[in-house]
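Engineer: here is a sequence with its predicted model. Questions after.
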Amino acid sequence: MIGNTAEVSPAPPLGQTGGPLGNPTTEPLLNVRDLHVHYGKIHALQGVSLTVGKDQIVCLIGANGAGKTTTLRAISGILAASGGEVVYQGEVINAVAPFDIVGRGLVQVPEGRRIFSRMTVAENLRIGAFRQKDKQWIADMEARSLDMFPVLKQRFKQVAGTLSGGEQQMLAMARGMMSNPKVLLLDEPSMGLAPLLVEKIFDTVVEIRKQGVAVLLVEQNAFLALQIGDYGYVLETGKIVLEGSSQALLENAQVKEAYLG
């Protein structure tokens with residue numbers, strides 16, 4: 001467990017954007033305000049607040065069981081919040097259906113890849129564009145996604161379940177990009193991958209940001225996440241206990257001891 005220090009700010013009060021935007025008057029793309037989630041009697045999230053600004057990589061780090069995946073699932077509408085608000089592009093989306101949230105450009109790439117293993121790479125990608133009817137638009141997005149992950153071009157007609165773990169993660173991210181996101185929620189993209197593949201995945205996250213997509217990155221490899229991130233939040237037992245620029249968190253003694261090894 002860690003506490004607040006002078007180098008890193010505590011979480012801002014309800015209603016303030018603050019955080020990675022720097023300017024409190026700037027409207028974030030995503031503004032999570034005092035979010036609570038219960039699993040029965042278990043209070044899993046206890047007032048989580050965070051913001052994601054345009055073209056930014058914002059990291060959410062913490063130990064297993066801290067509530068990172070629960071936070072993403074609540075943002076994307078898969079879990080119902082028991083309190084607080086998820087504000088996306090200035091609109092509260094707590095009551096919006098998950099598939100409509102995707103259609104608005106807030107897209108989650110889940111932990112564990114969750115590809116359709118019996119379908120081909122091509123079929124998996126096209127599922128990512130399920131809301132689109134324009135064939136040319138789909139073809140253009142497919143080309144864009146394959147440019148980011150060239151190995152998938154070679155595997156285009158291959159059954160997805162036969163891909164390596166790293167290739168499956170690339171497919172999951174490419175499928176997410178097929179939904180034309182404005183904000184991409186990435187849940188543990190490096191999990192179970194060899195170091196060289198982890199480096200490739202993180203390079204791709206940076207490339208996604210360069211293409212104008214903001215990223216909320218949940219990642220247990222806190223060191224690599226903060227190295228590519230702009231801002232970070234530390235989650236412990238359902239509460240944000242620290243936040244600050246990625247550089248400030250990398251230099252914070254308590255963060256180093258607890259998460260950076």
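Structural biologist: That came through, no problem.

Engineer: any stretches of the protein with poor pLDDT?
Structural biologist: In the predicted model of the chain, residues 1-26, 261 satisfy pLDDT under 70.

Engineer: let's see 90
Structural biologist: 1-27, 110-117, 126-150, 161, 164-166, 179, 190-201, 211, 220-221, 258-261 (pLDDT under 90).

Engineer: okay, helices next: where are they in it?
Structural biologist: For the chain, the helices defined by DSSP state H cover 68-75, 98-103, 121-128, 135-148, 150-154, 165-177, 195-210, 222-228, 246-251, 253-255.

Engineer: K54 is nearest to which of the ones you listed?
Structural biologist: Checking the helices of the chain against K54 by Cβ to Cβ gives helix 195-210 as the closest, at 10.1 Å. From N, CA and C alone the C-beta is placed, and that goes for glycine too.

Engineer: disregarding flanking residues, what is the spatial nearest neighbour of I75?
Structural biologist: Spatial nearest neighbour of I75, chain neighbours left out: V86 (5.3 Å); criterion: Cβ to Cβ, 6 or more residues apart in numbering.

Engineer: distance of the one you found from I201?
Structural biologist: 26 Å (Cβ to Cβ, to the nearest Å).

Engineer: export the helices of the chain as TSV, with columns for mean neighbour count.
Structural biologist: Converted to TSV, the helices of the chain look like this (neighbours: other Cβ atoms under 10 Å):
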stretch	mean neighbour count
helix 68-75	23
helix 98-103	15
helix 121-128	20
helix 135-148	14
helix 150-154	14
helix 165-177	23
helix 195-210	16
helix 222-228	20
helix 246-251	19
helix 253-255	18
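
Engineer: now the ones you listed in TSV, with distance to L186?
Structural biologist: As requested, the helices of the chain are arranged in TSV below (distance: least, Cβ to Cβ, whole Å):
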stretch	distance to L186
helix 68-75	9
helix 98-103	15
helix 121-128	14
helix 135-148	14
helix 150-154	17
helix 165-177	7
helix 195-210	7
helix 222-228	10
helix 246-251	15
helix 253-255	20
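
Engineer: how near is the closest residue to V215 other than its chain neighbours to M141?
Structural biologist: Nearest residue to V215, sequence neighbours excluded (Cβ to Cβ, 6+ apart): I57, at 4.6 Å. The gap separating I57 from M141 is 21 Å, by Cβ to Cβ.
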